[in-house]
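Engineer: Requesting a structural model of the entry that follows:
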Amino acid sequence: MSEPDPFLIPPELWFGLLCESVGVDENKNIQLVRVFNTFYLEEPPASTGLPPFAHFRATLAVGFSHGVGEFSATIELQDADAKTLVQRPEPWTFRVGPGDPPAAMLFDTVEHWFTEPGNYYYVVRLTPAQSEFRIRFEIARRPAGQQPAPGPA
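Structural biologist: Model (predicted):
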């Protein structure tokens, strides 16, 4: 086993959230549009025999700041029992620190079909820092009387 890098300083999680889209204004400020943490199941009429479902499509926005070194992050979608539902095909690799940018950001389109309400998590595991960050969201039944609207809740 190799010795840990004595100059490695793990970065801090700057933000981790789900939103509808990401933009950049003329001043290079990031705009996170319609940030949310709840997505509702659609409930087809009982006569169709179709189960409730949610077609979840969002932008996963993750940012790390400070730190020194090169890092790799794996990202996966898990249910409340820590069962992996989907994993990002390749790790996200970034460098931060002197001579490199002071922060790193990932904006990735994520998509999944859900049929059960509950808490779900995007789990970001950072190596070699051996850190784990969990971005929680909920798939819920729509409250009685609330009309469906397109997109996230």
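
Engineer: Which secondary structure state does the residue lying closest to Pro101 once chain neighbours are set aside sit in?
Structural biologist: Once flanking residues are discounted, Pro101 sits nearest to Arg95: 7.6 Å by CB to CB, 6 or more residues apart in numbering. C-beta: built from backbone N, CA, C; applies to glycine. On the three-state scheme (DSSP: H, G, I helix; E, B strand; the rest coil), Arg95 is labelled strand.

Engineer: Ser47 now?
Structural biologist: Following three-state DSSP, we place Ser47 in the helix state.

Engineer: Just give me the residue closest to the centre of this protein.
Structural biologist: Taking CA atoms, centre = their mean, the centroid of the chain lies closest to Leu60, which sits 3.8 Å from it.

Engineer: Enumerate every residue touching the residue of the chain most remote from its centre.
Structural biologist: Within the chain, Ser47 marks the point farthest from the mean C-alpha position, 35.3 Å out by CA atoms, centre = their mean. If you count contacts by CB atoms under 8 Å, 6 or more residues apart in numbering, Ser47 has none.

Engineer: Could you do the one 5 residues further on as well?
Structural biologist: Contacts of Pro52 were listed using CB under 8 Å, 6+ apart, and they are Leu41, Glu42, Glu43, Pro44, Thr115, Pro117, Arg141.

Engineer: one more time with 6 Å
Structural biologist: The contact partners of Pro52, by CB atoms under 6 Å, 6 or more residues apart in numbering, come to Leu41, Glu43.

Engineer: quick one: secondary structure of the residue nearest to the centre of the chain?
Structural biologist: Quick answer, by three-state DSSP: Leu60 is strand.

Engineer: What are the boundaries of the strands in this protein?
Structural biologist: For the chain, the strands defined by DSSP state E occupy 12-24, 30-36, 38-40, 54-65, 69-79, 84-87, 92-96, 103-114, 118-127, 131-140.

Engineer: and Phe133, how many neighbours?
Structural biologist: By the criterion of other CB atoms under 10 Å, Phe133 has 16 neighbours.

Engineer: I'd like the numbering to begin with 49 instead of 1 from here.
Structural biologist: Understood, numbering begins at 49; the last thing we discussed is Phe181.
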